[in-house]
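The sequence and its predicted three-dimensional model are supplied below.
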Amino acid sequence: MPSALTPLGVSALALLAERPMHPYEMYQLLLERWEDRVVKVRPGSLYHTVDRLAGQGYLRATGTRRAGNRPERTTYEITGEGRAILLGHLRELLAVPVNEYPRFPLALSEAHNLPRQTVIELCGQRLGLLRGEAERLDRGIHQAG
């Protein structure tokens, strides 16, 4: 059932749909792509997710390597069943609306509890942070292009 995947499970399967890799490489790639901003990821939770997905038959180990003094790293690849569950889950996420509870709209709906000037200052602070984020994204786009 597609809804059985966690957001981190979706990300892990999507990475392995690109190519086989080990969990540490997956973690580094998620950070490099800034996907940690859309899915909560920690190395331990990613390893646990990979183990769970392997147990469900959605991915399989293809080998284990050791480089120097580093710990062994097991490489995984997505299975046909894993690809099917990933695509089904993505279709469901895109097609079926769910109630999501973002924090900012909540803050706006309760902002009347703060003094007006405080709300204005805090929103200005937020706007400054968002502008900084937009500038970082623009630099990334120019570097990629």
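Arrived safely, thanks for sending. Numbering: from 1, shown residues only.

Distance check, Leu30 against Leu46.
Per Cβ to Cβ, to the nearest Å, Leu30 is found 8 Å from Leu46. Any C-beta I mention is one placed from the backbone N, CA and C, and that applies to glycine too.

next one: Gly128
32 Å.

who has more neighbours, these two?
More crowded of Gly128 and Leu46, by other Cβ atoms under 10 Å: Leu46, with 21 against 10.

Roughly how far does the more buried one sit from Ile85?
Leu46 is 18 Å from Ile85, where distance means Cβ to Cβ.

cool, Pro71 as well?
From Pro71 over to Ile85 (counting by Cβ to Cβ), the distance is 29 Å.

So for the two, which sits in the more crowded spot?
Set side by side, Pro71 and Ile85 show more neighbours around Ile85, with 23 against 7, by other Cβ under 10 Å.

mind checking which helix or strand that one is in?
helix 80-95 (DSSP states H and E).

Of all the residues in that helix, which ones are buried?
Buried residues in helix 80-95, counting neighbours by 16 or more other Cβ atoms under 10 Å, are found at Gly82, Ile85, Leu86, His89.

Just the pLDDT for the second one.
Ile85 is assigned a predicted lDDT (pLDDT) of 96.

how about the nearest residue to it, chain neighbours excluded?
Excluding the flanking residues, the one nearest Ile85 by Cβ to Cβ, 6 or more residues apart in numbering is Tyr58, at 5.8 Å.

Quick one: residues contacting the one you found.
Tyr58 is in contact with Gly9, Leu13, Ile78, Thr79, Glu81, Gly82, Ile85, Leu86, counting by Cβ atoms under 8 Å, 6 or more residues apart in numbering.
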